[in-house]
Structure formats: structure tokens, C-alpha cells
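K.L.:
structure for this input, please:
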Amino acid sequence: MAFEREIRNGAGDGRQPERVWIPVGLVLLVGPPASGKSSFSRALVDQGRIDPEAIVSSDTIAEHYLTTAVDRESADPQIFQERDRRITARLSTGRTVIAESTNVLHHARARLLAIADRFQMPVTALRFTQPEEVLLEQNQERRKALPAAEVSRYAALMAMHAGPDQLYAEGVSLVHDVPGRTQHLTASQAARLFEFRTAG
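P.N.:
Take a look at the predicted model:
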């Protein structure tokens with residue numbers, strides 16, 4: 001199945017960002033911790049652009065499994081199995097699903113793209129590309145801030161392994177950059193730029 005390739009960047013040059021239509025399928029949020037993925041997802045739900053069940057968050061699932069596991073690493077197999085189950089359930093019935101995790105590495109994305117391919121559903125990547133200094137600033141504002149070194153490490157991985165060309169080479173159909181603090185937009189304002197087709 002062939003899908004149009006395109007990139008629509010947030011307007012960093014003073015232009016008004018364009019409204020973007022997202023087709024029914026798998027939506028990958030791609031970005032380091034503290035890049036605004038969770039805030040963006042919450043804004044989509046709050047504005048009625050997507051239903052809450054469409055958001056599949058690895059961190060939310062982890063909160064459940066970590067109540068019994070000793071640490072995150074030992075719980076990871078259960079977390080990913082449950083994440084994949086929820087994503088499969090929505091795609092198998094022709095509904096949009098948003099995979100909210102960092103997704104900055106090829107092997108993490110490949111697992112999800114394989115599920116979408118099974119149901120012949122397009123994959124849209126929404127990249128959260130704020131500069132490292134902005135990520136560190138936003139990290140400090142989080143309720144549970146991560147070590148700065150970890151945020152910087154993910155930012156470097158994002159730069160090396162999650163560029164538009166790489167995503168397209170992996171089979172992603174559409175790539176869009178989500179504007180944020182650098183473009184003087186809040187998560188709520190950024191969410192209003194995206195319209196989701198939620199069912200075929």
C-alpha cells in the first residue's frame with residue numbers, strides 16, 4: 001500500500017503552522033523524555049480530538065506493572081506485551097492508536113511498524129524536536145524529573161536515529177514535527193494544529 005510522503009514542520013520562522021490531518025492508523029510519538037509527548041497527548045484528549053483509549057502510553061502501563069515488579073527492567077517484557085496487545089486491538093478493528101513512548105531507536109519502532117503492517121495500516125510519526133537546552137528546562141519542571149544526563153542521552157539518540165529520512169526508510173508513511181516551546185506554542189496550542197481521522 002502506497003502513501004504520500006510529506007513533512008510539515010512547526011513554524012519557527014514566524015509563519016503560522018499549518019493544520020495537519022492524520023490518517024487512520026498507527027501514530028508514533030517520537031521524542032526524548034521531557035519533549036512534550038505526554039502533555040500533547042493529554043491536550044488531544046482534553047480537546048476531544050482523540051478518545052482516551054486511543055493513547056497507549058508505555059509509562060502508564062509501567063505504573064501498573066511496577067507495583068509488583070522489583071524494577072522497570074524486570075517488568076519490561078510485561079509492559080511491552082500489554083502495549084502491543086492494546087495497539088493490536090485498535091488496529092485490528094480499523095481504529096487510530098497513538099503509541100506514546102520515546103521511540104527514538106530503530107528496534108523500538110520496528111516492533112510497532114510490524115504490527116501496523118500486519119493490518120496494512122499507515123504509520124505516522126510525530127517528532128518532538130525541541131533543542132537539548134529546552135528539554136533540560138522542561139525536565140526540571142516535571143513532577144518526577146529524570147537525571148539530566150539521561151535526557152541528554154536520549155536527545156543524542158534522537159538526533160542520530162530518528163531523522164525523517166531514517167523514519168521513511170523504515171516504512172513510516174508520514175512524518176510531522178510537532179511545534180513546542182521553541183516555536184512559542186504550548187502543548188494545547190500545538191494539539192489544535194492536528195486533526196485525527198479515528199476510524200476507517
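
K.L.:
number of nearby residues for G171?
P.N.:
15 (other C-beta atoms under 10 Å). Where you see a C-beta, it was placed from the backbone N, CA and C, and this is true even at glycine.

K.L.:
find the nearest non-adjacent residue to it, please.
P.N.:
Among residues not flanking G171 along the chain, L113 sits closest, at 5.3 Å (C-beta to C-beta, 6 or more residues apart in numbering).

K.L.:
what comes into contact with the helix or strand hosting that neighbour?
P.N.:
Under the criterion of DSSP states H and E, L113 resides in helix 106-118. Contacts with helix 106-118, where a contact means C-beta atoms under 8 Å, 6 or more residues apart in numbering, come from 25-26, 28, 30, 80, 84, 87-88, 91, 99, 101-103, 122-123, 161, 166-167, 170-172.

K.L.:
the longest helix belonging to the chain: which residues count as buried?
P.N.:
Criterion DSSP state H: the longest helix present in the chain is helix 72-91. Residues of helix 72-91 classed as buried by neighbour count (16 or more other C-beta atoms under 10 Å): 75, 78-80, 82-84, 86-87, 90-91.

K.L.:
what's the answer for stretch 159-172, then?
P.N.:
Those would be 161-162, 164, 167, 172, for stretch 159-172 by 16+ other C-beta under 10 Å.

K.L.:
stretch 44-53 now?
P.N.:
44-45, 49-50.

K.L.:
just send the buried residues of helix 72-91 back as JSON lines, with pLDDT too.
P.N.:
Formatted as JSON lines, the buried residues of helix 72-91 follow (pLDDT from 0 to 100):
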{"residue": "A75", "pLDDT": "70"}
{"residue": "Q78", "pLDDT": "84"}
{"residue": "I79", "pLDDT": "87"}
{"residue": "F80", "pLDDT": "88"}
{"residue": "E82", "pLDDT": "93"}
{"residue": "R83", "pLDDT": "94"}
{"residue": "D84", "pLDDT": "96"}
{"residue": "R86", "pLDDT": "97"}
{"residue": "I87", "pLDDT": "98"}
{"residue": "R90", "pLDDT": "97"}
{"residue": "L91", "pLDDT": "97"}
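
K.L.:
helices along the protein, start to end?
P.N.:
Along the chain, the segments classed as helices by DSSP H run 37-46, 58-65, 72-91, 106-118, 132-141, 148-161, 164-170, 187-191.

K.L.:
so what's the residue nearest the centre of the chain bridging to?
P.N.:
For the chain, the residue nearest the mean C-alpha position is L29 (1.0 Å; C-alpha atoms, centre = their mean). Taking DSSP bridges as the rule, L29 bridges to E100, L126.

K.L.:
no more questions from me, cheers.
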